[in-house]
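[1] Turn this into a model:
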Amino acid sequence: MSYKLSISPDADDFLFALQGKQFKQIVKAVFMLMDDPYPQDTQELKGYPGFRRKDVGEYRLIYGIQGDTVSIDVIDKRNDDTVYRRFSRKH
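    Residues are numbered from 1 along each chain as shown. Model prediction:
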C-alpha cells in the first residue's frame with residue numbers, strides 16, 4: 001500500500017531552505033515512509049500516540065500516520081531539543 005503525503009507549512013519551509021544534499025536525503029526518506037511508515041529505524045513518540053520520529057543524517061523528522069496519509073509535521077536538526085519544542089507547540 002502506498003500512502004498519501006501531507007507536509008506542514010513549517011516542515012515545507014525548513015525542507016526548501018536546505019542545501020541540495022540534505023534536501024535529497026530527506027526527500028528520499030519521506031518517499032520511503034510513503035511506502036512503509038513503520039520502518040524499524042523509527043520510534044514512536046512517548047506521550048503522542050500515532051506520531052513517530054525518524055533520523056535522517058543530522059536531521060530528525062516527526063510525522064504522524066492518519067488513515068492512508070503520512071503527515072510530516074516537523075523537520076529540524078537532531079542534535080538538540082528544538083525539534084521537540086516545535087512539535088509540542090503544535091500539539
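[2] Now do the helices in the chain.
    Using DSSP state H, the helices found in the chain span residues 9-16, 20-35, 82-90.
[3] Adding distance to residue 42, write these out as CSV.
    No exception for glycine: its C-beta is placed from N, CA and C like everyone else's. Output for the helices of the chain, formatted as CSV (distance: least, CB to CB, whole Å):
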stretch, distance to residue 42
helix 9-16, 16
helix 20-35, 8
helix 82-90, 14
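[4] now for those helices, which one comes closest to residue 1?
    Comparing these against residue 1 with CB to CB, the closest turns out to be helix 20-35 (8.4 Å).
[5] Please state the offset of that closest one from the chain centre?
    10 Å (CA atoms, centre = their mean, to the nearest Å).
[6] Just the residues contacting that helix, thanks.
    Helix 20-35 has contacts (CB atoms under 8 Å, 6 or more residues apart in numbering) with 2-5, 7, 15-16, 18, 39, 54, 56-59, 61, 63, 70, 72, 75.
[7] if I look at the residue nearest the centre of the chain, how far off is residue 9?
    Most central in the chain under CA atoms, centre = their mean is residue 61, positioned 2.8 Å from the mean C-alpha point. For residue 61, the distance to residue 9 equals 15 Å [CB to CB, to the nearest Å].
[8] on that earlier part again, buried ones among the contacts of helix 20-35?
    3, 7, 15, 54, 56, 59, 61, 63, 70, 72, 75 (16 or more other CB atoms under 10 Å).
[9] Now the two most distant members of these.
    Pairwise across those, and taking CB to CB, the largest span is found between 3 and 59, at 20.5 Å.
[10] re the thing from before, out of the buried ones among the contacts of helix 20-35, which are inside strands?
    The members of the buried ones among the contacts of helix 20-35 that map onto strands under DSSP state E are 7, 54, 56, 59, 61, 63, 70, 72, 75.
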